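Undergrad: Provide a 3D model corresponding to the input given below.
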Amino acid sequence: EVQLVESGGGLVQPGGSLRLSCAASGFSFSTYAMSWVRQAPGKGLEWVSAINSGGSKTTYADSVKGRFTITRDNAKNTMYLHMNSLIPEDTTVYYCNTVLQGAAYWGQGTQVTVSS
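TA: Modelled structure (predicted):
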């Protein structure tokens, strides 16, 4: 069974930092690209960042470029999102995502709240 479990969210002040983790199991993690996606209340899904299977290629949404860094540790079957210079607009639920043989898988999400 494919499982993606996010953690690391919380309340942080503007300008602060958080590191999100996505622990994967049930599939060959090192073989697949992974992504982070977020969804604010009342809004659609917003793609945030992606990383290829080996971790050598990363892409970012313009809204987070220069502030967020995506990484992965294939030995630990875990992906990370290092978030710096957080702003209130980053407040939302963050999900990790992968697509295996055409099927999309999602974690349960982790809440990030940026507020003073």
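Undergrad: quick one: contacts for the closest residue to Cys22 other than its chain neighbours?
TA: If you skip the residues right next to it in sequence, Cys22 has Cys96 as its closest partner in space, 3.4 Å away by Cβ to Cβ, 6 or more residues apart in numbering. For glycine as for every other residue, the C-beta is placed from the backbone atoms N, C-alpha and C. By Cβ atoms under 8 Å, 6 or more residues apart in numbering, Cys96 lies in contact with Leu4, Glu6, Cys22, Ala24, Met34, Ser35, Trp36, Val37, Met79, Trp106, Gly107.
Undergrad: shaky segments in this protein?
TA: Under the criterion pLDDT under 70, no range of the chain is flagged.
Undergrad: could you say which helix or strand contains the residue nearest in space to the middle of it?
TA: Residue closest to the mean C-alpha point of the chain, counted by Cα atoms, centre = their mean, is Trp36 at 3.2 Å. Secondary structure from DSSP states H and E places Trp36 in strand 34-39.
Undergrad: Hmm, Met79 is touching Arg19, no?
TA: No: with contact defined as Cβ atoms under 8 Å, Met79 does not count as touching Arg19 (11.1 Å).
Undergrad: Of these two, which one has the most company?
TA: Taking neighbours as other Cβ atoms under 10 Å, Met79 and Arg19 compare with Met79 leading, 28 against 14.
Undergrad: so what's that one up against?
TA: Contacts for Met79 (Cβ under 8 Å, 6+ apart) come out as Ser21, Cys22, Ala24, Met34, Trp36, Ile51, Ile70, Thr71, Arg72, Asp73, Cys96.
Undergrad: again, 6 Å this time
TA: When contacts are counted by Cβ atoms under 6 Å, 6 or more residues apart in numbering, Met79 is found next to Cys22, Met34, Arg72.
Undergrad: Quick check: the residue nearest to Cys22 is in a strand.
TA: Yes: using DSSP: H, G, I helix; E, B strand; the rest coil, the assignment for Cys96 is a strand.
Undergrad: No further queries at this time; thank you.
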